[in-house]
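S.K.: 3D, please:
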Amino acid sequence: MNDQSSPKPGTTLRELSCADDYDPNSLPVERARELIRRFLEPVTAVERVAIRAALGRTLAEDVISPLDVPGHDNSAMDGWAVRFDDLAASGETSLARVGESFAGRPFEGELRKGEAVRIFTGGVMPEGADTVVMQERASETPGGVRIAQGAVTKLGQNRRFAGEDLKAGGMVFARGQPLNPAEIGMLASLGIGEVSVYRKLRVAFFSTGDELVSVGTPLAQGQIYDSNRYTIHGMLARMGFDTLDMGVVRDVPGDLERAFATAAANADVVITSGGVSVGEADYVKTLLDKLGEVVFWKIAMKPGRPLAYGRIGGAHFFGLPGNPVSVMVTFYEFVRDALLHLAGRRDTPPLPMLKATLTAPIRKMPGRTEFQRAIVSRDDAGNALVRVTGDQGSGILSSMSRANCFVVLGTAVGNVDAGASVDVQLLDGLV
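M.R.: Prediction:
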């Protein structure tokens, strides 16, 4: 149930998988991202919403400014509106006070030679005035004002010009722009009360596994609570998507087939956790070969090696690993960017990266990209320091709770000594 375009000829996953550099058993992280991105078709349906309801949505049209911002020349600070030519080259300048200009209540009249108007931040520049002297560089006298020598150094100082921020008819935001609080405020400043946005992406998700039970159900021998659905729901909800939680689906082929068919019929994206690794009870691979077009990747990464991506009918599919940390890492590294693109975002910025000094050694075998959960901070001199959160096991969800970043160690990297400079990927609030 979606309005996305079908893949163009020559871009199906089966054809992509035949590329010379495609290795389904050890796909590099960047290559996996590239292949996923090539297969994505953003939603196209558009709806009109009030700007208060547009937060987090994506613009479906360009926004053109209907007016100048600011709408008039005004003062950038509290002070005195003067004529620059009236200011003496040396010594103080004495000017006659002829009125005030407040924001929303301008001075009426024209400023003449030898005159000054008391002006406040945002106040309209009086006709004839071209410069503002900040109040700290002037002193009031009975009926006038004395301007200190050198109070301003150039014509037009401390004056904001009409249209300086935005000009009428100019581009404000382009289609594909996400609407954050700053954008909502700018739209309001232009008197725009409604905008066209792409409809919300619909994402269905469920967990697979006979050992899983939902919160609130007593545990039997060998059972565990399903945390992955709650984690996935939290990450999707933070991104502002419509979600369909389909619960836990048992490792029964008929149940799984019905779940996939229902999810694909009601969502743009289907996300599962579990069932994509090698195991006797992993039916997901077989079912998806029947229901859709999927290439199962073993990504050359840790944690999160098993990952599946493809299509089921008109829906995109992401099969995430079953381990809790692997779910979050693969979502963050692959699913996040894909969902933003599907939702209509243009030029999705890369996840923020910085360099930091490692405070304790890290053991690593070359051959895979690793994402170690870590905490980055600053020392007294402002230098970035990073340390891992402890045990990096893929089932230790507390390592994600404590982390504010990943230490990203490339495929060729081995053991890393304390004091080395490493790449740090900041977590941006999703997790």
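S.K.: Give me the below-cutoff pLDDT ranges for the chain.
M.R.: Within the chain, the segments meeting pLDDT under 70 span 1-25, 276-283, 296, 429-431.
S.K.: just the helices in it please.
M.R.: If DSSP state H is used as the criterion, the helices of the chain fall at 13-16, 29-38, 181-189, 228-238, 253-266, 284-291, 324-330, 336-342, 398-402.
S.K.: Figure out which of those is closest to R378.
M.R.: Of all the helices of the chain, it is helix 398-402 that lies closest to R378, at 17.7 Å by C-beta to C-beta. C-beta here means a position set from N, CA and C on the backbone, and glycine is covered the same way.
S.K.: Pull out the buried residues from that closest one.
M.R.: Within helix 398-402, the residues scored as buried using 16 or more other C-beta atoms under 10 Å are S399, M400.
S.K.: thinking again about what came up before, nearest to E92, of the helices of the chain?
M.R.: helix 181-189 (39.2 Å).
S.K.: residues in contact with that closest one?
M.R.: I51, R52, A54, L55, V63, V69, V172, F173, Q177, L179, V195 (C-beta atoms under 8 Å, 6 or more residues apart in numbering).
S.K.: so which of the helices of the chain comes closest to P350?
M.R.: Minimum separation from P350 across the helices of the chain (C-beta to C-beta) falls at helix 336-342, 8.4 Å.
S.K.: Just the buried subset of the contacts of helix 181-189, please.
M.R.: The neighbour count (16+ other C-beta under 10 Å) marks I51, A54, V63, V69, V172, F173, Q177, L179, V195 as buried among the contacts of helix 181-189.
S.K.: Pull the contacting residues for the residue lying closest to the fifth one once chain neighbours are set aside.
M.R.: In space, V172 comes closest to V63 once its chain neighbours are excluded; the distance is 4.4 Å by C-beta to C-beta, 6 or more residues apart in numbering. Contacts here follow C-beta under 8 Å, 6+ apart; on that basis V63 touches M171, V172, F173, Q177, L187, L190, I192, V195.
S.K.: Can you tell me which of those is closest to P253?
M.R.: Checking the contacts of V63 against P253 with C-beta to C-beta, the nearest one is Q177 at 44.4 Å.
S.K.: export the buried ones among the contacts of helix 181-189 to JSON lines and tack on distance to S101?
M.R.: As requested, the buried ones among the contacts of helix 181-189 are exported to JSON lines (distance: C-beta to C-beta, whole Å):
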{"residue": "I51", "distance to S101": "31"}
{"residue": "A54", "distance to S101": "35"}
{"residue": "V63", "distance to S101": "31"}
{"residue": "V69", "distance to S101": "19"}
{"residue": "V172", "distance to S101": "28"}
{"residue": "F173", "distance to S101": "32"}
{"residue": "Q177", "distance to S101": "36"}
{"residue": "L179", "distance to S101": "35"}
{"residue": "V195", "distance to S101": "34"}
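S.K.: Sort out which of the residues you listed are in strands and list them.
M.R.: Of the buried ones among the contacts of helix 181-189, the ones assigned to strands by DSSP state E are V63, V172, F173, V195.
S.K.: As TSV, those residues with distance to F102 would be great.
M.R.: TSV is the format used below for these (distance: C-beta to C-beta, whole Å):
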residue	distance to F102
V63	31
V172	28
F173	32
V195	33
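S.K.: which pair in these spans the largest distance?
M.R.: Using C-beta to C-beta, the two most remote members of those are V172 and V195, lying 10.5 Å apart.
S.K.: circling back: which stretch among the helices of the chain comes nearest F102?
M.R.: The nearest among the helices of the chain, by C-beta to C-beta, is helix 181-189 at 19.5 Å.
S.K.: So which bits of that closest one are buried?
M.R.: For helix 181-189, a neighbour-count test (16+ other C-beta under 10 Å) marks E183, I184, M186, L187 as buried.
S.K.: what about it, distance to the chain center?
M.R.: 17 Å (C-alpha atoms, centre = their mean, to the nearest Å).
S.K.: any idea how the protein splits into domains?
M.R.: For the chain, automatic domain parsing gives the domain ranges 13-45+200-342, 60-69+166-198, 74-160, 353-426.
S.K.: Run the chain-centre distance for the first one.
M.R.: For domain 13-45+200-342, the separation from the chain centroid amounts to 22 Å (computed by C-alpha atoms, centre = their mean).
S.K.: now do the shortest one
M.R.: Distance, stretch centre to chain centre, for domain 60-69+166-198: 18 Å (C-alpha atoms, centre = their mean).
S.K.: do the third one as well
M.R.: When C-alpha coordinates are averaged (C-alpha atoms, centre = their mean), domain 74-160 and its chain have centres 44 Å apart.
S.K.: same question, stretch 186-201
M.R.: With C-alpha atoms, centre = their mean, you get 18 Å for stretch 186-201.
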